[in-house]
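Novice: mind folding the following:
(one chain, ligands or ions: 1)
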Amino acid sequence: MKIPFVKMHGLGNNYVFVDTFDHPLEERQLPEIARNVADVHTGIGSDGLILITPSDKAPVGMRIFNNDGSEGKNCGNGLRCVAKYAYEKGIVSIEQFQIEAKSGVVDATVRLEDGKVDQVTIDMGTPWLKRSEIPMVGAEVDQVVGEAFDVSHHPLEVTALSMGNPHAIFFVDDIAQAPLKTLGPVITNDPRFPDGVNVEFVEVVSPTELHFRVWERGSGITQACGTGACAAGVASVLNGYAKKDSDIVVHLSGGDLIIKWDLHDRVWMTGPAEVIAEGVYHFERNV
Ligand SMILES: N[C@@H](CCC[C@H](N)C(=O)O)C(=O)O
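Specialist: You can find the predicted model right below:
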């Protein structure tokens, strides 16, 4: 099977995108296609697969598969790339429009530079803070903030929340020393998070600036995670390190995102989206 694709990235968080308006794929093959395209040796090489889909709630929809073939419900960097694609390919003709992800419908606004989409702002909606909404096991609480969380004899404190997908945030003094490679793969599968969790280490530089590293559920270390950056901004406010309604610059491995949790409880994310390549993937050669 030959599958036309576009490879795009948001701050180095890179996905193979397939436009299923024109080329529908079989549901049962999606996890395998995701694993295969993501393989750097026998595939295209990516953090996963994103489908750009028709939607009955918005002009365009997005589905995200991690590089292990598991499906996530939301992807901040993916949303910005889908917004760029939808505008530049004429799926939409106005600069503000909606995108449906599995976690819900969001508003996207594209900013143009020489007729091309340069920056995208997404209204990521209201964070889910209750323990059951994350989901995380234990007695129900309205917020999981700075809770004791021992992992492999490391006495950590976790702030957890959902941005449509689950995030566990750990504040550290020095991002260069964050135990991402050792504890990321352990925490992501910790049974206290029954659906697994995206793991983020965050160093607070100032109330408006954070350093951030991520171990993504289903994909491992990536250069950036949009929903994770939003979660880090929210967690910083919940812990008193930052303020609501102010722009927070989140420095990820691949570059910066601007995050704001506003007074109406909505989280805003602004950052770039870029096209890497377009081509045709030969799926049968990799089965
Ligand atoms: N890279 C993404 C998140 C992708 C999904 C995540 N790994 C999950 O399984 O929840 C982002 O930019 O938000």
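
Novice: can you give me the strands in the stretch 51-200 of the chain?
Specialist: Ranges of strands within the stretch 51-200 of the chain are 60-66, 71-72, 96-101, 104-113, 116-125, 144-151, 154-162, 166-171, 198-206, based on DSSP state E, counting those that start in this stretch.

Novice: and for residue 19, the neighbour number?
Specialist: 21 (other Cβ atoms under 10 Å). C-beta here means a position set from N, CA and C on the backbone, and glycine is covered the same way.

Novice: ok, it - contacts?
Specialist: If a contact means Cβ atoms under 8 Å, 6 or more residues apart in numbering, then residue 19 has 4, 6, 52, 85, 89 as its contacts.

Novice: rerun at 7 Å
Specialist: residue 52 (Cβ atoms under 7 Å, 6 or more residues apart in numbering).

Novice: could I get the phi/psi values of it?
Specialist: phi -80, psi 100 (degrees, to the nearest 10).

Novice: likewise the one 10 residues further on?
Specialist: Residue 29 has phi and psi values of phi -90, psi -10 when expressed as degrees, to the nearest 10.

Novice: and if you look at residue 216?
Specialist: Per degrees, to the nearest 10, the backbone of residue 216 is at phi -80, psi 140.

Novice: give me the number of residues near the nearest residue to residue 160 once chain neighbours are set aside?
Specialist: Distance criterion Cβ to Cβ, 6 or more residues apart in numbering; nearest residue to residue 160, sequence neighbours excluded, is residue 144 at 4.2 Å. Using other Cβ under 10 Å, residue 144 has 21 other residues around it.

Novice: adding mean pLDDT and distance to residue 278, write the strands of the stretch 51-200 of the chain out as a markdown table.
Specialist: A markdown table is the format used below for the strands of the stretch 51-200 of the chain (pLDDT from 0 to 100; distance: least, Cβ to Cβ, whole Å):
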| stretch | mean pLDDT | distance to residue 278 |
| --- | --- | --- |
| strand 60-66 | 98 | 18 |
| strand 71-72 | 98 | 24 |
| strand 96-101 | 98 | 21 |
| strand 104-113 | 98 | 19 |
| strand 116-125 | 98 | 14 |
| strand 144-151 | 98 | 42 |
| strand 154-162 | 97 | 33 |
| strand 166-171 | 98 | 32 |
| strand 198-206 | 98 | 29 |
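
Novice: columns distance to the ligand on top of the ones you listed, output as JSON lines?
Specialist: As requested, these are exported to JSON lines (distance: least, Cβ to the nearest ligand atom, whole Å):
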{"stretch": "strand 60-66", "distance to the ligand": "5"}
{"stretch": "strand 71-72", "distance to the ligand": "3"}
{"stretch": "strand 96-101", "distance to the ligand": "10"}
{"stretch": "strand 104-113", "distance to the ligand": "12"}
{"stretch": "strand 116-125", "distance to the ligand": "9"}
{"stretch": "strand 144-151", "distance to the ligand": "17"}
{"stretch": "strand 154-162", "distance to the ligand": "9"}
{"stretch": "strand 166-171", "distance to the ligand": "7"}
{"stretch": "strand 198-206", "distance to the ligand": "5"}
